[in-house]
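[1] no sequence for this one, just the structure:
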């Protein structure tokens, strides 16, 4: 029996962003510690998108850059900072000036919003806001009466958060096939839930691989093809973050970013040179230079093969 032909969802980064990221959209950019969709963020800046609401569980360097690029009017996030290396200068300036609408959550609060969005639920309950100051600064966090008895058998009031349904979610991953079956290893974060919560999804990968590669290790497929609208092959697309098994975290860049973003003039010059002054991510990668990439190279640490079994 012949196999059913799979759709080819591969796009260039330029075409994917042009098609799915529109002015005024809510855009989720997810990836926890590694697999951060930096190159996609840079392309959003190049295309001059405006009035975006960015949802990112850990707003970091790419968020700072998007804000500095005048792309962002709203931010939905939990942790905000430059990944142990300092502050985010532009984000801080705009929050303090009242020029950026900031909806703040805990990490788990963000997870619950994505879970509600992915499952098309009206809200998601969580206990961890009890005793926290977060509900006092975020009017979107509400309390409801549980329809079931609490732990002590009596009526319980519990915090709930609303669903988060981005217009488009963009995630980074190690590899996918042309149809969008996407594989991730290392820290998997909230990528799958963020994709399912969104109306559209772009997956950016280090490499597009043959169907046989994906089928040989199906348990590593975190995001299935039916949830993906576009697949973008973009090697080294997470820099300065790392991609497990491909390249290391660029600690030097993170340390330097604190100094760059602290100075508005220097930040504008950096954007003009490294983002607006490059035509695409491959030019950005080449500009960094092979010596920089050699310093970020990683060695091999192969997992053991498993036997999935087959009929004889």
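    Yep, it's here. Quick caveat: nothing in here was measured; it's all calculated off a predicted structure. Residues are numbered from 1 along each chain as shown.
[2] any weak-confidence spans in the protein?
    1-4 (pLDDT under 70).
[3] again, 50 this time
    1-2 (pLDDT under 50).
[4] could you pull out the strands for it?
    Here the chain has its strands, by DSSP state E, at 10-11, 26-30, 52-59, 72-80, 101-104, 124-126, 142-145, 157-161, 168-176, 182-183, 200-208, 221-223, 230-233.
[5] now do stretch 96-103: distance to the chain's middle.
    Distance of stretch 96-103 from its chain centroid, counting by Cα atoms, centre = their mean, to the nearest Å, is 21 Å.
[6] could you work out the end-to-end span of it for me?
    From the first residue to the last, stretch 96-103 extends over 14 Å; the measure is Cα to Cα, to the nearest Å.
[7] contacts for it, please.
    Stretch 96-103 is touched from outside by 53, 67, 72-77, 91, 94-95, 138, 140, with contacts defined as Cβ atoms under 8 Å, 6 or more residues apart in numbering. To be clear about C-beta, it is placed using only N, CA and C from the backbone, and glycine gets the same treatment.
[8] now a ChimeraX select for only the buried ones of those residues.
    The ChimeraX command for the buried members of the contacts of stretch 96-103 (criterion: 16 or more other Cβ atoms under 10 Å) is given here:
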select :53,67,72,73,75,76,77,91,94,95,138
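[9] I'd like the contacts of stretch 96-103 laid out as CSV, including distance to residue 277.
    Conversion of the contacts of stretch 96-103 to CSV gives the following (distance: Cβ to Cβ, whole Å):
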residue, distance to residue 277
53, 27
67, 19
72, 21
73, 25
74, 27
75, 26
76, 30
77, 28
91, 22
94, 23
95, 28
138, 38
140, 39
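[10] closest to residue 283 out of the contacts of stretch 96-103?
    Closest approach between the contacts of stretch 96-103 and residue 283, by Cβ to Cβ: residue 67, at 22.9 Å.
[11] distance of the closest one from residue 102?
    11 Å (Cβ to Cβ, to the nearest Å).
[12] need the overlap of contacts for the two.
    Contact criterion Cβ under 8 Å, 6+ apart; residues bridging residue 67 and residue 102 by contacting each: residue 75.
[13] out of the strands of the chain, deepest packed?
    With neighbours defined by mean count of other Cβ atoms under 10 Å, none of the strands of the chain is more surrounded on average than strand 168-176, at a mean of 27.
[14] count of neighbours near residue 37?
    30 (other Cβ atoms under 10 Å).
[15] tell me which residues touch it, please.
    So, once contact is read as Cβ under 8 Å, 6+ apart, residue 37 ends up touching 29, 30, 31, 62, 170, 171, 172, 204, 237, 238.
[16] distance of the second one relative to residue 238?
    In this case it means residue 30. Where residue 238 is concerned, residue 30 sits at a distance of 12 Å (Cβ to Cβ).
[17] residues contacting the residue lying closest to residue 165 once chain neighbours are set aside?
    Nearest residue to residue 165 in three dimensions, chain neighbours excluded: residue 117, at 4.5 Å (Cβ to Cβ, 6 or more residues apart in numbering). Residue 117 makes contact with 163, 164, 165, 166, 193, 196, 197, 198, according to Cβ under 8 Å, 6+ apart.
[18] residue 195 versus the closest residue to the fifth one other than its chain neighbours, what's the distance?
    Counting by Cβ to Cβ, 6+ apart, residue 114 is the residue found nearest to residue 193 once chain neighbours are left out, at 4.2 Å. Relative to residue 195, residue 114 is positioned 9 Å away (criterion: Cβ to Cβ).
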